[in-house]
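In: How does the following fold in three dimensions:
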Amino acid sequence: MPYERVKYYQTGSFAAGNRLLDREQRTIQSGARRSNAITCGHRACQGCGEALGARFALDAALSATGGDLIAANATGCLEVFSTPYPESSWQLPWIHSLFANAASVASGIAAALKAKGNTHTRVVAQGGDGGTVDIGFACLSGMFERGDDVLYICYDNEAYMNTGVQRSASTPPAARTMTTQAVGPEPGAPWGQGKSLPLIALAHEIPYVATATIADLRDLEEKVQRAMSFHGPRYIHILVTCPLGWVAAPEDSIRLARLATQSGLFPVFEGGRGDVTAVTKIRHQVSVEEYLRPQGRYAHLFSPVRRDEEIARIQARADRNIERFQLLEQPGPQDRAQTQAPAPTRTELSPDADGDATGADGGPGYE
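Out: Here you go, the predicted model:
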């Protein structure tokens, strides 16, 4: 074997020994010169996944642009807990938009910069699933269709958490919210509703689309940095846990995000120009029940009567994702005995002179 197998010392974890990471592989957050885009003083809940995701995403964007960045922020939890008037936790030029029009405001900023001959300042728009998947959907689709030079980041906590935990189009089936109570023969959020905005973004054939979670922050940083290497519309959809709305322990935020990916319920992938180009494989597959049980929003599936049919439907949903995105490795006889976690499989995209996605051979950046 031409290389040394990494030995995993900690039982039940994927922590590796034997080496220190090269400097270029270390996270932005590990450096003393990190930007601290969102600093202390905000009023996020304990264990808030959105605060964590936003810090890593914006710090990565600031790093990629040398600090030359403007952010437009939709109304929502992120805006409310970070900017109680007249205070702000943001350490970059930051503009608050309405619930629906963060994408349009960001497009306007990009257009104004272009009119002034400013070709170096970059623009990021951000919002939650309510302001992105629902209320802001038309503005976001318009931004994609026009080809505006904006990176849009959605922090998806799967409901309208800021206004009291109401269902959004990103709320998964069977989840309890204030507007989808755990009553009736099919309790919780209804089946057959909602939408997958990452796939809709991909259908717009924009240069870059990705999903990520707060369970793999290095992956999140890399995807934001990769997105900033492109011009034109780009979209990143980040799963962020919400202890309040998910009725879960604050210390479980990272674990739940990891279980969402390892069960197959939240596929992690990259794409461009209409096609999925890379997926992050499931390293240790778990059943959806392991993900559902720690969350009070799914408590009605287990008590007072266990609802096996509903749990099976959710498992089938995860299995479909696994098959659709080919999330499982197909190990050979030798590999089955190894405990090493497979590295994420990725087909790289790179920007061409026009800022479009291209492959290594200069052709389209997808297979």
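In: ok, now which ones touch the residue positioned nearest the centre of the chain?
Out: Central residue of the chain (CA atoms, centre = their mean): Ile238, 1.2 Å from the mean position. Counting by CB atoms under 8 Å, 6 or more residues apart in numbering, Ile238 makes contact with 53, 57, 153-156, 211-214, 220. Heads up, the C-betas are built off the backbone N, CA and C, glycines and all.
In: Could you find the closest non-adjacent residue to Pro221?
Out: Careful, residue 221 is Glu; it's not Pro. Ala60 (4.3 Å; CB to CB, 6 or more residues apart in numbering).
In: where's Ala299 relative to Thr177, distance?
Out: 13 Å (CB to CB, to the nearest Å).
In: what touches both of the two?
Out: By CB under 8 Å, 6+ apart, no residue touches both Ala299 and Thr177.
In: Please say which of these two ends up with more neighbours.
Out: Taking neighbours as other CB atoms under 10 Å, Ala299 and Thr177 compare with Thr177 leading, 21 against 15.
In: secondary structure class for the more buried one?
Out: coil (DSSP: H, G, I helix; E, B strand; the rest coil).
In: out of everything not next to it in sequence, what's closest to it?
Out: Arg167 is the one closest to Thr177 (CB to CB, 6+ apart), at 4.5 Å.
In: in the stretch 1-150 of the chain, which spans are helices?
Out: 49-65, 77-82, 102-115, 129, 137-146 (DSSP state H, counting those that start in this stretch).
In: and among those, the most buried is which?
Out: helix 129 (a mean of 27; mean count of other CB atoms under 10 Å).
In: contacts for that one?
Out: Residues contacting helix 129 (CB under 8 Å, 6+ apart): 154-159, 168-170.
In: from those residues, which is closest to Arg33?
Out: Tyr155 (24.8 Å; CB to CB).
In: surely Gly76 meets Ser97?
Out: No - with contact defined as CB atoms under 8 Å, Gly76 does not count as touching Ser97 (10.3 Å).
In: related to what we said a few turns ago, quick one: average pLDDT of the host helix or strand of the residue nearest to the centre of the chain?
Out: Using DSSP states H and E, Ile238 sits in strand 234-239. Mean per-residue pLDDT for strand 234-239: 98.
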